[in-house]
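**Student:** with the sequence up front, the predicted model follows.
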Amino acid sequence: MEKQISLSLCLFLFILSISSFLQETEARKYSYRRAPITRLVSRSLYDSIFIHKENNACPAKGFYPYEAFVEATRWFPRFGSVGGITTRRREVAAFLAQISHETTGGWATAPDGPYAWGLCFKEEVSPQSNYCDASNTEWPCFPGKSYKGRGPIQLSWNYNYGQAGRALGFDGLRNPESVANNSVLAFKTALWFWMTEQTPKPSCHDVMVNRYRPTKADIAANRTSGFGLTTNIINGGLECGIPGDGRVNDRVGYFQRYAKLFNVNTGPYLDCENQRPFS
């Protein structure tokens, strides 16, 4: 009799644990559906944007799931939520375009075109240095660590890893590799860079939601508000002020494709060839 009761109790607990697991899984799915960003970027739209991110040729295959993107946006509630629907869609399209260029695996004659191969890489291949600015004593480099590009925005340099780590709660200086080992954290670092003003640079977010107010120095440098200015913020020292730069054109190509998918126009000033970089 006691053995029957014991078996019945075990069976009951087993069924209860399965039920709890299924409820938790369903709740998690519902939570993803209800996240604010899902109103702008559905799973089907995400998949149509990143057609080839699960291609066997992409080293980041499996690293950038829709759920990780959605979860990361919860940390930045103003992302894609400021302004009218056109402004919000355009900002998200611009962000996805920039991270697509940073992680692109496309080429001129690639299947579905060069702008269908975003999120193909999760870390920089063959970096030219360890990206340590030894003069920056506020965010000192640790021996043996590389601060090469990682994640969707290709976060680089010790001072960016240090600041991102402080903002997001991880040790970016001692463990920069974590950005390439955790999908949600990788997206968080990209969104952190997008949303954070780093004087004299405005945030990419403020530029795309029309909250950028140029200083006298910005006006003199022809840093006009538009997608091109976000390129200047991200990598202007290497790409801006150069007529017809291929890297800039690639960013613009992604943005134009994504703007169509979001059913919005791109707005003016798509490139930064007439802008001076930030100092």
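**Tutor:** Done, it's in. Residues are numbered from 1 along each chain as shown.

**Student:** spatially nearest residue to Gly253 (excluding sequence neighbours)?
**Tutor:** Nearest non-adjacent residue to Gly253, counting by CB to CB, 6 or more residues apart in numbering: Tyr115, 4.9 Å away. Glycine gets a C-beta too; all of them are placed from N, C-alpha and C.

**Student:** how close does Leu45 sit to Arg89?
**Tutor:** Noted for Leu45: a distance of 10 Å to Arg89, by CB to CB, to the nearest Å.

**Student:** mutual contacts of these two, please.
**Tutor:** Each of Phe262 lies in contact with both Leu45 and Arg89 under the rule CB atoms under 8 Å, 6 or more residues apart in numbering.

**Student:** of those two, who's got more company?
**Tutor:** Arg89 (20 against 17; other CB atoms under 10 Å).

**Student:** mind checking how far the more buried one is from Leu185?
**Tutor:** Distance of Arg89 to Leu185, given as CB to CB: 26 Å.

**Student:** do the same with Glu177
**Tutor:** Distance from Glu177 to Leu185, counting by CB to CB: 11 Å.

**Student:** who's more crowded, the two?
**Tutor:** Neighbour count, other CB under 10 Å: between Glu177 and Leu185, Leu185 has more, with 23 against 13.

**Student:** just how off-centre is stretch 80-99 within its chain?
**Tutor:** Averaging C-alpha positions (CA atoms, centre = their mean, to the nearest Å) puts stretch 80-99 12 Å from its chain's average.

**Student:** got the contact list for it?
**Tutor:** By CB under 8 Å, 6+ apart, stretch 80-99 touches 36-37, 40-41, 49, 73, 79, 118-119, 152-153, 190-191, 194, 204-205, 208-211, 227, 230-231, 234, 251, 254-255, 257-259, 261-267.

**Student:** at 6 Å instead, please
**Tutor:** Here stretch 80-99 makes contact (CB atoms under 6 Å, 6 or more residues apart in numbering) with 36-37, 40, 152-153, 190, 194, 208-209, 227, 254-255, 258-259, 262, 264.

**Student:** and stretch 272-279, by the same measure?
**Tutor:** Here stretch 272-279 has contacts from 200-201, 221-223, 228, 231-232, 236-237, 240-241, 243, using CB under 6 Å, 6+ apart.

**Student:** only the buried residues of the host helix or strand of Ser44, if you could.
**Tutor:** Using DSSP states H and E, Ser44 falls within helix 43-49. Buried residues in helix 43-49, defined by neighbour count with 16 or more other CB atoms under 10 Å: 45-46, 49.

**Student:** which residue is the nearest non-sequential neighbour of Thr38?
**Tutor:** Nearest non-adjacent residue to Thr38, counting by CB to CB, 6+ apart: Val70, 6.2 Å away.
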